[in-house]
Each structure stands twice: as C-alpha cells, then as structure tokens.
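Undergrad: Pasting the sequence and the predicted coordinates here, then a few questions.
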Amino acid sequence: MKKYTFDEAMNLLENGNLRFSSNKTIHPNQKYSRLEELVKGQNPFATVLTCSDSRVVPEFIFDRGIGDLFVIRNAGNIVENTVLGSIEYAVEHLHTPIVLVLGHSSCGAVTAAVKGGPCCGHLESIMKELEPIVDKEASKNTAIKNSILNNVNYCIDKIKKSKPVIAKLIKENKVGTVKKIVSEIILTSYQVSLYWMKKLLQDTNKFSLQNPL
C-alpha cells in the first residue's frame, strides 16, 4: 500500500476542502468497489479528531471517501486515553503523516462547559475534560468562541506531549507533523475558516472559504 508523505496528505485535504466549499465535489472512493479494494487492509492518509456533532462530517468537508481518513469522534473532540490510543494506532501502525484536530463553532459540549451548572450521568466526565479550556473572563458569546479555539489548542498540546509513542514519532519526524487545523464552521452563515499550521506549527497560512454545509 502507498505510504503518504506529509505534503501529499496536506494537498489531498486542501484540495478536497476547496472542492467542497466551492460546491464542486467529486466524491472519490465512494463506490461499492472501494470496499473490495480495502478487504485486506486500510491505508488512510490522515487522522482526524473531531466532534460528534452530526453537522461536522470530515469525509464531506474534505471531499473524501471510504478508507481515506481515520476519524475519531466524541462530544467536544476531547483528548483522553482512548483517543490517544486510537491516534497511536493510526500514526504507528497505519502511518498517517498528519493528525488533524477539527473544532467547530456552535459546539454544544463547549457551550455547556462555558455556561456551567450541574449535569448528570457521564456528561459530567466530558465537562471535567473541558474545564481547562473555558474562558472565564470574556462575555458569554466571546467566551464560547474563545473556548472553542482554546479547546483545539489544548487538544493539540496534549497530543504533541503524549508519551511514549506520539511525542517520540513527532520528534523523529516519523509522523511528519502534528497537523493543526482550527476549522471554525459558522453554522448560521455557512462559512469555514481554516488555519493550517505547517512544519511543527510554524509557517502559518490562513484562508477563508464559503462552505455549503
């Protein structure tokens, strides 16, 4: 199976998002025959950690198909041990050169964490994970937006520092880079802004796209 480089994976993500945001999708690798191609194994080119929100679908946002992305989802795209274990599997065994954290606006989990108050059941564990990212100084609306951005930064930081597997692979450039994408999806105006952090979070490029989500 093909082993993707960082640049190849980056181009696939960027080009796919451009197609999606300009409503020119080609829906690659989405035919039934694709399943037959993957019977003996998978070969995704990127690992994506994102929210469980049903409006945020990486395969659509990046115009990709079956077997292209190794997607990890939970409410609030939080990073805990099972997520780190999943990322370790992706970068060490599937050799994905990019780990992408995809955050979004109108995130219910982050909004609940900012608002505070009691919660019941296992939701409490999610709120606890999100406590460190809450902006407690800003006004309500600004605090939610800031906290969403804080959450992506916090997730990236935890992933980069995760030992023994991920931190070692990053240091040795075997993962290429922990790839940071802050995707702010404005669900009311359908606009997406992507901040790509290249080469160990340096050399930042910014672009804004219209998103027909």
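TA: Everything's here; your move.
Undergrad: from here on, contacts and neighbour counts on C-alpha atoms
TA: Will do.
Undergrad: the strands in the chain, which residues?
TA: Secondary structure of the chain by DSSP state E: the strands cover 46-51, 69-74, 98-102, 177-186, 191-198, 202-210.
Undergrad: and these, which one's lowest on average pLDDT?
TA: Of all those, mean pLDDT reaches its minimum on strand 202-210 (a mean of 32).
Undergrad: Can you read off the pLDDT for the closest residue to Tyr4 other than its chain neighbours?
TA: Leaving out its chain neighbours, the residue that sits closest to Tyr4 by C-alpha to C-alpha, 6 or more residues apart in numbering is Phe45, at 6.1 Å. At Phe45, the model reports a pLDDT of 95.
Undergrad: Contact partners for Phe45?
TA: Applying C-alpha atoms under 8 Å, 6 or more residues apart in numbering, one finds that Phe45 lies in contact with Tyr4, Ala9, Asp68, Leu69, Phe70, His95, Thr96, Pro97, Ile98.
Undergrad: Does the first one touch Pro97 like I think?
TA: Read that as Tyr4. Yes. Between Tyr4 and Pro97 a contact is recorded at 6.8 Å, counting by C-alpha atoms under 8 Å.
Undergrad: More neighbours: which of those two?
TA: Regarding Tyr4 and Pro97, a neighbour count based on other C-alpha atoms under 10 Å identifies Pro97 as having more, with 29 against 17.
Undergrad: what about the more buried one, distance to Phe45?
TA: Counting by C-alpha to C-alpha, to the nearest Å, the gap from Pro97 to Phe45 is 7 Å.
Undergrad: same question, Asp63
TA: With the distance defined as C-alpha to C-alpha, Asp63 ends up 13 Å from Phe45.
Undergrad: Equivalent analysis for Asp135, please.
TA: When Asp135 is compared with Phe45 (using C-alpha to C-alpha), they lie 34 Å apart.
Undergrad: How about Gly121?
TA: 36 Å.
Undergrad: one step back: take the contacts of Phe45 and lay them out in JSON lines including distance to Lys168.
TA: Putting the contacts of Phe45 into JSON lines (distance: C-alpha to C-alpha, whole Å) gives the following:
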{"residue": "Tyr4", "distance to Lys168": "19"}
{"residue": "Ala9", "distance to Lys168": "21"}
{"residue": "Asp68", "distance to Lys168": "25"}
{"residue": "Leu69", "distance to Lys168": "23"}
{"residue": "Phe70", "distance to Lys168": "20"}
{"residue": "His95", "distance to Lys168": "14"}
{"residue": "Thr96", "distance to Lys168": "15"}
{"residue": "Pro97", "distance to Lys168": "14"}
{"residue": "Ile98", "distance to Lys168": "15"}
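Undergrad: Please tell me how far Met10 sits from Gly76.
TA: Between Met10 and Gly76 the computed distance is 24 Å (C-alpha to C-alpha).
Undergrad: With neighbour numbers in mind, choose between those two.
TA: Using other C-alpha under 10 Å as the criterion, Met10 and Gly76 rank with Gly76 on top: 26 against 19.
Undergrad: I'd say that one and Val101 touch.
TA: No. Using C-alpha under 8 Å, Gly76 and Val101 do not qualify as a contacting pair, with a distance of 11.0 Å.
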